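Trainee: Show me how the following folds:
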Amino acid sequence: MISSYEDLVKGLKSLPGLGFRSAEKIALHLLVEKPKQASTLSKAIQNASENLGPCSVCGNLTEHEKCSICMDEERDESTICIVESVTDLYAMERSGVFRGKYHVLQGKLSPIRGVGPEQLNFSSLSKRLENDLLKEIILALGNDMEGEATCHYIKEEIIGEKNIQVSRIGFGLPSGAGITYADETTLKNALEGRKNIAPEI
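Mentor: Residues are numbered from 1 along each chain as shown. Model (predicted):
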């Protein structure tokens with residue numbers, strides 16, 4: 001087998017949701033059936049890689065210092081929805097159920113995998129809490145052990161004694177699941193059914 005072909009299939013197989021057969025099908029489609037599309041796709045990936053980066057405020061993808069959501073003055077600045085990844089943010093936006101601002105952590109706390117507070121997007125979150133317009137933080141993280149630990153850390157170490165309401169979505173989300181693949185109705189129910197997190201005594 002040609003090594004460059006094997007490298008392409010291996011690279012495609014490393015992408016989320018693609019097994020060997022799917023990767024092989026895509027590789028052959030690009031190389032044999034649509035060779036011009038392969039060049040266009042390659043340029044698009046290269047362009048995105050060179051021009052996209054994290055928003056300096058929320059961590060969303062952007063070509064500028066701030067993303068379009070952070071720059072949108074019509075969004076509700078009183079509420080910030082904290083999500084694990086940009087993928088989760090996009091899922092929320094596609095559903096159209098939230099019109100506030102976001103904050104992307106770029107992961108969850110996981111000592112086993114070597115992910116501590118220093119590896120997550122907490123520093124800019126602390127700065128955003130100084131905004132007098134901010135009234136509520138919505139924790140939209142998966143309800144697994146890592147999600148629970150991350151929510152606890154945010155509530156106790158980042159927000160602390162600040163006079164900000166903290167709530168957690170969860171209604172309608174299966175145990176251990178995140179929001180990336182949840183449908184519009186599930187996300188709507190999860191947001192509307194969010195519960196305040198009571199301060200620890």
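Trainee: In the chain, which strand is the longest?
Mentor: strand 76-83 (DSSP state E).
Trainee: Quickly run through the sheet partners of that strand, with directions.
Mentor: strand 100-104 (parallel), strand 136-139 (parallel) (DSSP bridges).
Trainee: Name the surrounding residues that touch the last one.
Mentor: Under the contact criterion C-beta atoms under 8 Å, 6 or more residues apart in numbering, strand 136-139 has outside partners 78-82, 100, 151, 154-155, 159, 164-169, 191, 194, 197. All C-beta spots, glycine's among them, are computed from the backbone N, C-alpha and C.
Trainee: Quick one, which of those are buried?
Mentor: Among those, those that count as buried by neighbour count (16 or more other C-beta atoms under 10 Å) are 79-82, 100, 151, 154-155, 159, 164, 166-169, 191, 194, 197.
Trainee: right, and the helix or strand after the top helix by length along the chain?
Mentor: If you go by DSSP state H, the chain has its longest helix at helix 35-51. Next helix or strand after helix 35-51 toward the C-terminus (DSSP states H and E): strand 53-54.
Trainee: by contact count, what packs against that next one?
Mentor: strand 61-62 (3 or more C-beta pairs under 8 Å, 6 or more residues apart in numbering; DSSP states H and E).
Trainee: by contact count, what packs against the strand it packs on?
Mentor: strand 53-54.
Trainee: buried stuff in the longest helix of the chain?
Mentor: For helix 35-51, by 16+ other C-beta under 10 Å, it's A38.
Trainee: Same check on stretch 103-123?
Mentor: H103, V104, L105, K108, L109, S110, V115, L120, N121, F122.
Trainee: And the fifth one, how far from V97?
Mentor: According to C-beta to C-beta, to the nearest Å, L109 stands 26 Å off from V97.
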